[in-house]
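A.B. asks: Dropping a prediction and its sequence here:
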Amino acid sequence: MSVSSVSTVTATSPISFQDATERGFERAQQTLRGITKIEVIGERANIDKGKIKDYEVELKIVFSLE
């Protein structure tokens, strides 16, 4: 039997939503062991002076408990 837990992470990137997702996943791997999946549950772009400043994603990280 397997038991999982979920953590929510917000990550940003000045490049793209994809880059923000990868950055969030890489950072989560530094702290959480046994990550089995990630789900992008939200995307936003922060605007400054009429231009996109950075891309932000909200991720649901699912990992197995030991």
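C.D. replies: Received it, and whenever you're ready, just let me know what you need. Numbering: from 1, shown residues only.
A.B. asks: what helix or strand does the closest residue to residue 7 other than its chain neighbours sit in?
C.D. replies: Among residues not flanking residue 7 along the chain, residue 61 sits closest, at 4.7 Å (CB to CB, 6 or more residues apart in numbering). The way it works is simple: take the backbone N, C-alpha and C, and place the C-beta from them, glycine included. Per DSSP states H and E, residue 61 falls inside strand 51-64.
A.B. asks: swap in residue 28?
C.D. replies: Taking DSSP H and E as the definition, one finds residue 28 inside helix 17-31.
A.B. asks: which neighbours does the next helix-or-strand element following that helix have in its sheet, and in what orientation?
C.D. replies: Using DSSP H and E, the helix or strand that follows helix 17-31 in sequence is strand 35-48. Strand 35-48 has its sheet partners listed here by DSSP bridges as strand 51-64 (antiparallel).
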